[in-house]
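Chemist: Sequence and predicted structure below; questions after.
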Amino acid sequence: MGRLFYFFPMKRSLALACLLFSFVYVRAQTVLKVQFDMAVGYEQQKLDWSIAGNSQGQNPNIYSELKWKKLGGIALSAGAQWNITGRFMLMGSYSHSAISAGTVTDNDYSSDNRTNRVYNETFDADQGFSRSVAGGLGFILIDNNRFGLVPYVGYGTSKQSLHLLDRSGQFADLNSSYQTNWKGPFVKLAAVAKLLSRLSLKADFRYNQADYNAKADWNLISTFQHPVSFRHTAKGYGLEGNTSLAYQLVKRFAINLGAGVYHWETGKGIDELYLSSGTAEQTQLNSVNRSGYRLFAGVIFKY
């Protein structure tokens, strides 16, 4: 079974971008030479994946399914933009979210369409993290006294460390993990508009094309290899959007308050299981879906 490139339809991407920026018509600040920002907040996310019974996606079409829900915790982020020369900008960003709450369900089925369930357990998932790093080159498309708009192209990675734990003591030694990595190029639009003399509205939209890789350690299953019990590979995409209000306290310092949402998903891929006997088996990875939101407050330094 070959892996598929999974593109978000271009028309929908353009529509989302237009929607995000269509309301920005008021006076705006110009693009600055250098800007640093730092923020702290709360992030909550979820992730699910399922596999079929064989490489053809059959027997049954959904054999095993895991869903991590309400993975919440404190989030930290930092970013920088630098007008290197003329109309060209460099940008970089880093974010880290610590997972301190959440659950995960594990279900297995013997028939198609989630029928004849043969296994059903809910575990704790209040441990782990998510981390993202990105860098890109931008071109100042609009920079005047009314509006600033900068499109970027770049490359980014987004990783998660997810767990299956049991705080009840029923499975005292359970400490299974699922480590994800979404990486690939992106395009981004960043806009800023001045609402009042000291108040500005910022918004950005990012489309990511992603190679998805994940590895897992199902630590209580003796018939699986350890520390890597199976791997997932697929092609996918990600959409991210953020908006915030920034209030300028003094000439080079502002505070901001904002929110963001994101959604990532893959198409069909490969699940490769490694057995303790030394053999490996493959089946179809149906899809991986990840989404979440963030709320943040921070500071902006301008030069």
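Modeler: Done, it's in.

Chemist: going forward, measure contacts between C-alpha atoms and count neighbours the same way
Modeler: OK.

Chemist: mind listing the strands for the stretch 151-300 of the chain?
Modeler: Using DSSP state E, counting those that start in this stretch, the strands of the stretch 151-300 of the chain run over residues 175-194, 199-217, 230-250, 253-266, 269-274, 280-302.

Chemist: Correct me if wrong: residue 92 contacts residue 81.
Modeler: Yes - taking CA atoms under 8 Å as the definition, residue 92 is a contact partner of residue 81 at 6.7 Å.

Chemist: higher neighbour count, these two?
Modeler: Shown here are residue 92 and residue 81; by other CA atoms under 10 Å, residue 81 has more neighbours (22 against 18).

Chemist: And the strands of the stretch 151-300 of the chain: which comes nearest residue 145?
Modeler: Of all these, strand 175-194 sits nearest to residue 145, with 8.8 Å by CA to CA.

Chemist: tell me the mean pLDDT over that closest one?
Modeler: For strand 175-194, the mean per-residue pLDDT is 97.

Chemist: Which elements pack onto that strand?
Modeler: Under the contact definition 3 or more CA pairs under 8 Å, 6 or more residues apart in numbering; DSSP states H and E, strand 175-194 sits against strand 148-165, strand 199-217.

Chemist: For the shortest one, buried residues please.
Modeler: For strand 148-165, burial by neighbour count (16 or more other CA atoms under 10 Å) applies to 148-165.

Chemist: Only alpha carbons, please: show it as PDB.
Modeler: The C-alpha coordinates for strand 148-165 follow below in PDB (Å, rounded to 0.1, in the frame of the first residue of the first chain):
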ATOM      1  CA  GLY A 148       0.600  45.600   7.100                       C
ATOM      2  CA  LEU A 149       0.600  42.200   5.300                       C
ATOM      3  CA  VAL A 150       3.500  39.700   5.100                       C
ATOM      4  CA  PRO A 151       3.300  36.300   3.400                       C
ATOM      5  CA  TYR A 152       5.900  33.700   4.500                       C
ATOM      6  CA  VAL A 153       7.300  30.400   3.300                       C
ATOM      7  CA  GLY A 154       9.100  28.200   5.700                       C
ATOM      8  CA  TYR A 155       9.600  24.800   7.400                       C
ATOM      9  CA  GLY A 156       8.300  23.500  10.700                       C
ATOM     10  CA  THR A 157       8.100  20.600  13.000                       C
ATOM     11  CA  SER A 158       5.400  19.700  15.600                       C
ATOM     12  CA  LYS A 159       5.900  16.900  18.100                       C
ATOM     13  CA  GLN A 160       3.800  15.300  20.800                       C
ATOM     14  CA  SER A 161       4.700  12.900  23.600                       C
ATOM     15  CA  LEU A 162       1.500  11.200  24.600                       C
ATOM     16  CA  HIS A 163       1.000   8.500  27.300                       C
ATOM     17  CA  LEU A 164      -1.300   5.700  28.500                       C
ATOM     18  CA  LEU A 165      -1.200   5.500  32.300                       C
END
